[in-house]
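# No letters, just coordinates:
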C-alpha cells in the first residue's frame, strides 16, 4: 500500500499526523503493508484529483518502483476522484471509508453483523459503479462504457438496489427482534450498562475481565463488531449485597465514522441508547486520548435518544506517566482509573458501577 495524506487549511500539523497514524493502523488491521507514506500540503483538495499533478506523477512512479498494488488516501474520495486517480496512477485507489468497510467485512461474526456490513458496502458501492477505470471489464463491458457495458452497468445497479432493499428489510426485522429481547431484559428489571469508547480502548478486555467472558480481543482497531451482553455482579453501595447487572460491549467508535456505517450499525448503537447507563472507556496511553473522548461524545450527542448517565473509565493506566495521569485526574475528577489487562482498580470500578446504576434508576 502507498498511503497518501493531504493536509488542508483548518487542520493543524498534530491533527494531521494523528489522522495519518490512524489510517496506517487501519491499513495494518485490514491486512495491508504500508510501503511508503506520501504527504502534500494544500489550501484545499484538488476537486478532480485531491492532490496536484506533480504529486500524482510522483505517486505513479513510487507505485511502480516499490511494487505497490493499492493507493490509500487518508480522507473520503468522490467516485469521480477515484476514477481520475486510477486512470493516472494505474493501480486501484481506495479511501479511508473503504478500508474501514473492509475491516468490518473481515470482523463481522454474527448474522446481524454480516447483514449490516454488506448493507453498508453496497450503499457505498452504488454511486461508485460507473466503471472503475480498467476494472470496467469486471462488469462485462468492453472498452469504455458504451453498448453492452452500459446495459450491464444498469443491470448491476438494479440488482444492487434490490439487494439493498432486501437487506434493509432483514436489518429492520433484526432490530425489531433485538428490541423484543431488550424489552424482555427490561421486564426482568435487570439494570443494563453499555460499554462505549474509541476503537481499541480496551472495552472487550474489560468485559472479559469483569464477566469472565471469552470475547476476541486484540491490539487492533475494530477487533469486536457484534454487541455482546453478559451478566455480572456488583456490590450494593449501602448493604454490600451483590446485584446482577447486564454489561454490553458495543462497536468501537472512530473519528469521523463513515455515514454509511452509522446508518448500518443502528442496531449496535441502539444498545447504547437503551442502556440505563454508559461506561465510556478511554485508552489513556494513546497520545490523542482527549480528541478520542471528543469524537465519542460527538457521536453520542447525535443519537436519536439521549443516553443515560456516563462514567468515564480511563484504561491502560499501567502504560502512562504520572503527568498524563495528573492531567486526566484534573480534567475528569469523577473518572475511574483502571488497567483491565492487569486487574488494577477493578474493585473500585465495580463499586462505581453500582453507584452509577443506582443514580440512573433514581433519576429515571
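Sure, I can see it. The shown structure was predicted, so the numbers you read here are calculated from the model rather than taken from an experiment. Numbering: from 1, shown residues only.
# Residue 180 versus the nearest residue to residue 6 once chain neighbours are set aside, what's the distance?
Setting aside the residues directly before and after it, residue 6 is nearest to residue 40 in space (C-beta to C-beta, 6 or more residues apart in numbering), at 5.4 Å. The way it works is simple: take the backbone N, C-alpha and C, and place the C-beta from them, glycine included. To residue 180, residue 40 is 52 Å away according to C-beta to C-beta, to the nearest Å.
# Relative to the helix or strand encompassing the residue nearest to residue 6, what are the paired strands and their orientations?
Per DSSP states H and E: residue 40 is located in strand 36-41. Strand 36-41 has the following strand partners under DSSP bridges: strand 2-7 (parallel).
# pLDDT weak spots in this protein?
In the predicted model of the chain, residues 130-151, 182, 185-188, 213-226, 260, 262-271, 364 satisfy pLDDT under 70.
# cutoff 80 now
Per-residue confidence for the chain (pLDDT under 80) gives these ranges: 107-113, 128-154, 174-175, 177-179, 181-189, 213-228, 237-238, 250-274, 302-306, 363-364.
# now the helices for it?
13-30, 53-66, 79-89, 96-107, 111-125, 148-187, 203-211, 259-264, 266-274, 289-301, 322-331, 346-363 (DSSP state H).
# The residue nearest to residue 174 when sequence neighbours are not counted and residue 5: what is the separation?
Nearest-residue entry for residue 174: residue 112, 4.9 Å, with adjacent residues in sequence omitted and distances by C-beta to C-beta, 6+ apart. When C-beta to C-beta is the yardstick, residue 112 and residue 5 sit 34 Å from each other.
# try residue 272
31 Å.
# Same question for residue 287.
17 Å.
# more crowded one of these two?
residue 5 (21 against 12; other C-beta atoms under 10 Å).
# From residue 248, how far off is that one?
36 Å.
# Now residue 287: phi and psi?
The phi and psi torsions at residue 287 (degrees, to the nearest 10) take the values phi -60, psi -30.
# got a list of what it touches?
Residue 287 sits next to residue 18 when contact means C-beta atoms under 8 Å, 6 or more residues apart in numbering.
# Same check on residue 71?
Residue 71 neighbours (C-beta under 8 Å, 6+ apart): 1-2, 4, 59, 63, 85, 89, 91-94.
# Next: residue 194.
247-248, 250, 271-272, 274-275, 277-279, 307.
# Tell me what it is bridged to.
Here residue 194, judged by DSSP bridges, has bridge partners residue 248, residue 278.
# distance of it from residue 300?
Residue 194 is 10 Å from residue 300, by C-beta to C-beta.
# what touches both of these two?
272, 278, 307.
# want to throw those into a markdown table with distance to residue 102?
Listed next are the shared contacts of residue 194 and residue 300 as a markdown table, based on distance: C-beta to C-beta, whole Å:
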| residue | distance to residue 102 |
| --- | --- |
| 272 | 24 |
| 278 | 29 |
| 307 | 29 |
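# of all those, which comes closest to residue 152?
For those, the closest approach to residue 152 (C-beta to C-beta) belongs to residue 272, at 42.0 Å.
# Go ahead and confirm the closest one touches residue 300.
Yes. Using C-beta atoms under 8 Å, residue 272 is in contact with residue 300, at 7.1 Å.
# The two: which is more packed in?
residue 272 (22 against 18).
# Nearest spatial neighbour of the more buried one, chain-adjacent residues omitted?
Residue 272 sits nearest to residue 194 (C-beta to C-beta, 6+ apart), 4.9 Å away.
# picking up where we left off before, what are the contacting residues of the strand holding residue 40?
Under C-beta under 8 Å, 6+ apart, the answer for strand 36-41 is 2-7, 20, 24, 51-52, 55, 58-59, 62, 66, 68.
# Buried ones among these?
Buried members of the contacts of strand 36-41, counted by 16 or more other C-beta atoms under 10 Å: 2-7, 20, 24, 51, 55, 59, 62, 68.
# can you tell me which residues contact residue 352?
311, 336.
# And residue 170, by the same measure?
By C-beta under 8 Å, 6+ apart, residue 170 lies in contact with residue 115.
# Now do it against residue 177, distance only.
Residue 170 is 10 Å from residue 177, by C-beta to C-beta.
# what does residue 1 give?
39 Å.
# For these two, indicate the residue with more neighbours.
Neighbours per residue (other C-beta under 10 Å) separate residue 1 from residue 177, with residue 1 holding more: 24 against 12.
# what about the more buried one, distance to residue 272?
Separation of residue 1 from residue 272 (C-beta to C-beta): 33 Å.
# With residue 105 instead?
Distance, residue 105 to residue 272, by C-beta to C-beta: 23 Å.
# Just the buried residues of stretch 311-330, please?
311-317, 320, 324, 328.
# what about that stretch, start to end distance?
Using C-alpha to C-alpha, to the nearest Å, the end-to-end distance of stretch 311-330 comes out at 15 Å.
# Ok, stretch 304-320 next?
36 Å.
# Going forward, count from 638.
Let's use 638 as the start, then, which means that last one is stretch 941-957.
# Nearest spatial neighbour of residue 751, chain-adjacent residues omitted?
residue 745 (4.6 Å).
# ok, now which ones touch the closest residue to residue 672 other than its chain neighbours?
Distances taken as C-beta to C-beta, 6+ apart place residue 703 nearest to residue 672, at 4.6 Å, with adjacent residues excluded. Residue 703 makes contacts with 639, 672-673, as judged by C-beta under 8 Å, 6+ apart.
# can I get those in a markdown table with distance to residue 840?
Listed next are these as a markdown table, based on distance: C-beta to C-beta, whole Å:
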| residue | distance to residue 840 |
| --- | --- |
| 639 | 32 |
| 672 | 32 |
| 673 | 33 |
